[in-house]
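Student: Mind folding the following:
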Amino acid sequence: MKINSLINENLHIILEENLKLANQINPQEIDLLVHKIKTAKRIFIMAAGRSGLALKMAAMRFMHLGYSVYVVGETVTPAILEGDLLLVASGSGTTSTVLSAVEKATKQKASVVAITADPKSRLAELAENILLINAATKTDFGVSVSAQYAGTLFEQFTLFILESVFMSLWQESGLTKEDLWPKHANLE
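Tutor: This is a model prediction of the structure:
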């Protein structure tokens with residue numbers, strides 16, 4: 001098989017798997033996340049690995065809309081307080097650094113929304129609310145949920161769903177692309 005046809009075939013698999021998840025997402029969980037974002041004093045995001053990269057991209061977009069957003073672990077991130085939102089992601093729901101952040105945020109009476117693939121995980125138990133993504137976790141080596149490697153589908157869909165949330169908030173705001181542009185990084 002030629003590499004170009006293999007790439008095209010895999011691209012379609014990736015898109016079909018994400019579309020399947022889009023049709024399974026619980027709209028009430030999305031509505032709750034949107035409400036938490038809109039009403040939070042500040043938004044803190046935390047995840048490890050590729051899930052962390054997806055959340056960092058979402059943090060940038062929320063900042064473009066004018067939200068106060070911080071990435072947990074950065075030296076300029078302040079203390080989380082009551083009225084703030086901690087948005088975390090862990091497919092397995094067992095990532096120790098994420099669990100620790102959730103426990104600390106809860107003690108400070110901050111809201112916690114967790115994006116996870118395991119509704120029975122420790123993370124799902126600790127979080128105030130969850131957004132469930134029915135994708136394979138990093139330790140699922142089967143192909144029944146996804147043909148992709150490890151937690152790839154979870155990470156992709158986390159980005160897609162948060163981009164959709166951003167786009168909806170942006171459309172609702174009435175702001176134009178030109179309105180958002182001044183918040184774009186200019187020290188690149």
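Student: which intervals of the protein have sub-threshold pLDDT?
Tutor: The chain contains residues with pLDDT under 70 at 1, 137-144.
Student: what are the ranges of the helices in it?
Tutor: 3-24, 27-39, 49-64, 96-107, 122-126, 152-173, 177-180 (DSSP state H).
Student: Can you add mean neighbour count and distance to A79 and give those helices back as a markdown table?
Tutor: (Each C-beta comes from the backbone N, C-alpha and C, glycine too.) Converted to a markdown table, those look like this (neighbours: other Cβ atoms under 10 Å; distance: least, Cβ to Cβ, whole Å):
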| stretch | mean neighbour count | distance to A79 |
| --- | --- | --- |
| helix 3-24 | 12 | 35 |
| helix 27-39 | 14 | 19 |
| helix 49-64 | 19 | 17 |
| helix 96-107 | 17 | 9 |
| helix 122-126 | 19 | 19 |
| helix 152-173 | 19 | 24 |
| helix 177-180 | 11 | 28 |
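Student: among those, which is nearest P78?
Tutor: helix 96-107 (12.7 Å; Cβ to Cβ).
Student: For the closest one, give me every contacting residue.
Tutor: When contacts are defined by Cβ atoms under 8 Å, 6 or more residues apart in numbering, helix 96-107 is touched by residues 44, 46-48, 72, 80, 84, 86, 88-90, 112, 114, 122-123, 126-128.
Student: quick one: which of the residues you listed sit in strands?
Tutor: Mapping the contacts of helix 96-107 onto strands (DSSP state E) picks out 44, 46-47, 86, 88-90, 112, 114.
Student: from the residues you listed, which single one is nearest L65?
Tutor: Checking those against L65 by Cβ to Cβ gives F44 as the nearest, at 16.0 Å.
Student: Hmm, Y70 and the closest one touching each other?
Tutor: Yes - if you go by Cβ atoms under 8 Å, F44 and Y70 touch, sitting 5.0 Å apart.
Student: Quickly list what's touching both of those two.
Tutor: T77.
Student: And these two? Which one has more around it.
Tutor: A count of neighbours by other Cβ atoms under 10 Å puts F44 above the other of F44 and Y70, at 25 against 19.
Student: Good, wrapping up.
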